[in-house]
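> Test case, fold it:
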Amino acid sequence: MAHKLDSQSTTALNDRPKHGLIDCDVHPHLAHGLGDLTPYLPATWQRRIGIGEEHAWSKEVYAAHVSVPKNVFYINTAGVLRRDAVPPDDSIPGSDPGFVGRHLLDKHDIARAVLIGGDMLGLGALPDPDLAAVLASAYNDWLSDAWLDADERYRAAMVVAPRDPVKGAEEIRRVAGRRGFVSVLLPLTDLLMGERHYYPIYEAAAEHELPIAIHPNSVDGIFVTAPRMAGGTPTYYVEWHTGLTQVFQANVISLICHGVFERFPKLKVVVTEGGFGWLPDVIWRLDKNVKGLRDETPWVKRAPSDYVFDHVRFTTQPFVEPKRPEQLHALCEVICAERTLMFSSDYPHWDFDDPVRALAWLPEETRRRVRSETAIELYGGRL
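Modelled structure (predicted):
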């Protein structure tokens, strides 16, 4: 981090807040890949994707290599997971609910952690809509049994398969009544979020007052069916990782210009790990351009910035780290951070944000809201 905490900041952060810290982005992982979903998959689908076989060779050929689409070209040479997050049994970080509870929740006094399924992020790039829907349902059942029943502090985003929106809506209605699910993870595709394709999913989410969460997919700009990045496929990991915010800018613009929040006034969207430093430019340009081109999108009845402040929330990681605190304060004022920002650590990834250090330079009132209160207002009684 660029800053050193002064005594005043440290004292303020150590004051006991009204509500415990809420972490809005923690990634659980399957310890054995899709093989962990075997008990939740029909036998026909087990055979189709080559898991659940009894022969040792079949497990080597299939189960060890089968996964939803993921990044295999743009790789951080040090890996993307924290080495200190490896559980005692040497399994993958984020695969042991008990260890995560001790290592993350206890250590940082986190009252609630919203689980965003790390193994399902690339589901939107999977071309087969039926397979994607089956995997989503199996994963939600596994998440409920393996994590939500393991620790009362865990909450989760159910995942839906986006290529068949009717099945996605059915999955929302199937899972919505279960304890512990607070939002809907929509893996992004090559279709922007404002398109009518997604309306059945939005209708079901709004019906149950479940926010839609979006997140980098690790396939962005790589697969043909994944979200596109400007200029085509980058050369280096650092280019790819830095340019991911393009995807979220494009989708926020799409949601506004297609009038999604007019059609679904109860719908909320959470931009998770998509950054927020880009937001001023987008809302300023949209406010100006919509006013000058109102005949093209007459359904946009309010200033685009108003839709953003009322319907879109952003998580803090990766946190903005300017050289001077006053620069961060100015950004917070422009984006109404006390309404729009929620804390996230991105555990167990390499660019994890420690809540004390990440939140230290926020204005006091904004820090209190970001720690917990905005999330409580968004997720409501489901927390």
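
> In space, what's closest to Asp141 - neighbours in sequence excluded?
Excluding its sequence neighbours, the residue lying closest to Asp141 (CB to CB, 6 or more residues apart in numbering) is Tyr40, at 4.6 Å. (Each C-beta comes from the backbone N, C-alpha and C, glycine too.)

> Likewise for Leu121?
Asn217 (4.6 Å).

> Check for me that that neighbour belongs to a strand.
No - using DSSP: H, G, I helix; E, B strand; the rest coil, the secondary structure at Asn217 is coil, not a strand.

> which regions of the stretch 151-300 of the chain lie under the pLDDT threshold?
Applying pLDDT under 70 to the stretch 151-300 of the chain picks out no residues at all.

> what sits against the residue nearest to Leu121?
Contact analysis of Asn217 by CB atoms under 8 Å, 6 or more residues apart in numbering lists Leu121, Gly122, Gly124, Ala125, Pro187, Leu188, Ala226, Pro227.

> For the residue lying closest to the third one once chain neighbours are set aside, which three-state class applies?
Meaning Gly124. Nearest in space to Gly124, with sequence neighbours left out and distances taken as CB to CB, 6+ apart, is Pro187 at 3.6 Å. The assignment at Pro187 comes out as coil when based on three-state DSSP.

> which ones are touching Pro187?
So Pro187 contacts Met120, Leu121, Gly122, Leu123, Gly124, Ala125, Val159, Ala161, Pro162, His215, Asn217 (CB under 8 Å, 6+ apart).

> Gly277 versus that one, what's the distance?
Distance, Pro187 to Gly277, using CB to CB, to the nearest Å: 24 Å.

> Same check on Met342?
Distance of Met342 to Gly277, given as CB to CB: 16 Å.

> Of these two, which one has the most company?
More neighbours surround Met342 than the other of Met342 and Gly277, with 27 against 16 (other CB atoms under 10 Å).

> quick one on the thing from earlier: what is the most widely separated pair among the contacts of Pro187?
Greatest spatial distance among those (CB to CB): Ala161 and His215, at 15.1 Å.

> For these two, indicate the residue with more neighbours.
Neighbour count, other CB under 10 Å: between Ala161 and His215, Ala161 has more, with 29 against 26.

> Can you tell me how far the nearest residue to the more buried one once chain neighbours are set aside is from Arg178?
Spatially, and ignoring its direct neighbours in sequence, Ala161 is nearest to Ala132 (3.5 Å; CB to CB, 6+ apart). Separation of Ala132 from Arg178 (CB to CB): 20 Å.

> These two: which has the busier surroundings?
Ala132 (25 against 14).

> A helix includes the more buried one, no?
Yes - per three-state DSSP, Ala132 lies within a helix segment.

> was I right about it contacting Gly168?
No - the pair Ala132 / Gly168 is not scored as a contact, 9.2 Å apart, by CB atoms under 8 Å.
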